[in-house]
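>>> Need coordinates for the below:
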Amino acid sequence: MKPTSRKLPGWVHLPLLVFMGISLYQTAKGFTDLLGSELALAFSSALTMLMYGLTVAIGTRRINGLSTLGIVVVYFFCFLFSFSGNFNSVYSIYQEEQLYRDELLKHKQQLNNLVSAANKALDNFSPEIDLTRRRVESLTEQLVSQITDPTNPGYGERTEQIMIEIEKLLDEKITRFGGKSKANTNWTAIAQLYKDNIFRIVKRKITSNDYQKVENIRQDMLQKAQQLEQLIESTLKSAESVKETGYDANLKAVNIINAIGSQMQKFINNSERFHFEKVRFESQEFKKIAFTFHSAFTQHILVAILLAIFCIFIDWAVILMMGIFFSHKEHEIPEIVTSRTSL
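So this is what the prediction gives:
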């Protein structure tokens, strides 16, 4: 008598329906960005039905002691698509706040680096002007000290030498105040007159138009940077704020940083003094499969491993359960022989 073909127990379908329902929903969400909501749902439904049928076939062959290798290979191929969608969906939901937060912190550091590099480039934009101004300021302080020297106040030979040197730097004659007599003269007041007069000439002649542009650009940059820092700090105050406004805050941060960098690059016009590469708006890649796997397995490895195990369990739990509960070979059903006894 041939062995009886056994069917898969009905209770197996209960956890299978639950797990496959979860997989269908998550896979559809995971492929929405790639296929659109309607096609993603259709693809996920077809894939889930196929995996459901393959699971039943694996269980039936397993319980009857038949080979399941071929069906498992086909199931594994389907699982790769299911896992991609599941993992993308689960990771995006679980890490949404963290991903927005990571990008905001990254943009904050990029802003600080940009401001630092921009200030350095602006400080060195007209080195000859800055050098002349600093030299005039130094000589002026020497002039004031020489005139108001308590041991020998007044306008002497050394004072005249300093004045001549300042005039050469400014390319302009400087009016002499008072006389060379030391008696009854307020040299402190005269020294201040010289200082004020020299600084007026410095402001008129050395503070060039480009220098004024430098200061205007610097102030504009610092104002934008301060506003962006305040926006980032206010967004990072709570997890709810990051989830609700993180996308918009990151977009604004990218636009401001790129605007500052482009303006600076155009003004400096020297790649050796200032080089800027536009920052990327990473949040626009959010929920895309490629971005999800790259972010998970390069930046959040522990989370990636835990969520991967969860996604694998959803699709393989019932198959693993059947592998444990059902024996490899069906015990042979003994043949019952009946005979008639003749009376």
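>>> Show me what the longest helix along the chain is packed against.
Ranked by number of residues, the top helix in the chain under DSSP state H is helix 239-268. Here helix 239-268 touches helix 96-123, helix 209-235, going by 3 or more Cβ pairs under 8 Å, 6 or more residues apart in numbering; DSSP states H and E. No exception for glycine: its C-beta is placed from N, CA and C like everyone else's.
>>> Mind listing what's buried along the last one?
Within helix 209-235, the residues that qualify as buried by neighbour count (16 or more other Cβ atoms under 10 Å) are 211, 214, 217, 218, 221, 224, 225, 228, 231, 232, 235.
>>> Same question for the first one.
Judged by neighbour count using 16+ other Cβ under 10 Å, the buried positions of helix 96-123 are 96-104, 107-108, 111, 114-115, 117-118, 121-122.
>>> Below-threshold pLDDT in the stretch 1-150 of the chain: ranges please.
The model of the stretch 1-150 of the chain has pLDDT under 70 over residues 1-4, 126-128, 130.
>>> Now do the helices for it: every range, in order, please.
Taking DSSP state H, counting those that start in this stretch as the test, the helices found in the stretch 1-150 of the chain are 13-30, 32-35, 37-63, 69-94, 96-123, 127-147.
>>> so which of those helices gets nearest residue 258?
Among these, the nearest to residue 258 by Cβ to Cβ is helix 96-123 (9.7 Å).
>>> so how far is the first residue of stretch 147-164 from its last?
End-to-end distance for stretch 147-164, by Cα to Cα, to the nearest Å: 15 Å.
>>> thinking again about what came up before, out of the helices of the stretch 1-150 of the chain, which gets nearest to residue 288?
Closest approach to residue 288 among these is made by helix 32-35 (5.3 Å; Cβ to Cβ).
>>> Extract the CA atoms of that closest one and return them as CSV.
Taking C-alpha atoms only, helix 32-35 is exported to CSV below (Å, rounded to 0.1, in the frame of the first residue of the first chain):
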residue,chain,number,x,y,z
THR,A,32,6.6,53.5,-3.6
ASP,A,33,9.4,56.0,-4.4
LEU,A,34,10.7,53.8,-7.2
LEU,A,35,7.4,52.6,-8.8
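>>> helices and strands around it, which ones?
Here helix 32-35 touches helix 37-63, going by 3+ Cβ pairs under 8 Å, 6+ apart.
>>> between the helix it packs on and helix 69-94, how many degrees?
140 degrees (axes from the mean of the first three to the mean of the last three Cα atoms, to 10 degrees).
>>> from the chain's centre, how far out does helix 37-63 sit?
38 Å (Cα atoms, centre = their mean, to the nearest Å).
>>> which secondary structure elements does it contact?
Using 3+ Cβ pairs under 8 Å, 6+ apart, the elements in contact with helix 37-63 are helix 13-30, helix 32-35, helix 69-94, helix 301-325.
>>> can I get those in JSON lines with mean neighbour count?
Listed next are the helices and strands packed on helix 37-63 as JSON lines, based on neighbours: other Cβ atoms under 10 Å:
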{"stretch": "helix 13-30", "mean neighbour count": "19"}
{"stretch": "helix 32-35", "mean neighbour count": "17"}
{"stretch": "helix 69-94", "mean neighbour count": "18"}
{"stretch": "helix 301-325", "mean neighbour count": "16"}
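>>> what's the closest of those to residue 56?
Closest approach to residue 56 among those (Cβ to Cβ): helix 13-30, 7.7 Å.
>>> That closest one: how far from the chain's middle?
With Cα atoms, centre = their mean, you get 33 Å for helix 13-30.
>>> Extract the CA atoms of it and return them as CSV.
In CSV, the C-alpha atoms belonging to helix 13-30 read as follows (Å, rounded to 0.1, in the frame of the first residue of the first chain):
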residue,chain,number,x,y,z
HIS,A,13,-1.7,29.4,7.5
LEU,A,14,-2.5,31.7,10.5
PRO,A,15,1.1,33.0,11.2
LEU,A,16,1.8,32.8,7.5
LEU,A,17,-1.1,35.2,6.7
VAL,A,18,0.0,37.6,9.4
PHE,A,19,3.7,37.7,8.3
MET,A,20,2.8,37.9,4.7
GLY,A,21,0.3,40.7,5.4
ILE,A,22,3.1,42.7,7.1
SER,A,23,5.5,42.0,4.3
LEU,A,24,2.9,43.1,1.6
TYR,A,25,2.4,46.4,3.4
GLN,A,26,6.0,47.2,4.1
THR,A,27,7.2,46.1,0.6
ALA,A,28,4.6,48.3,-1.0
LYS,A,29,5.8,51.3,1.0
GLY,A,30,9.5,50.5,0.3
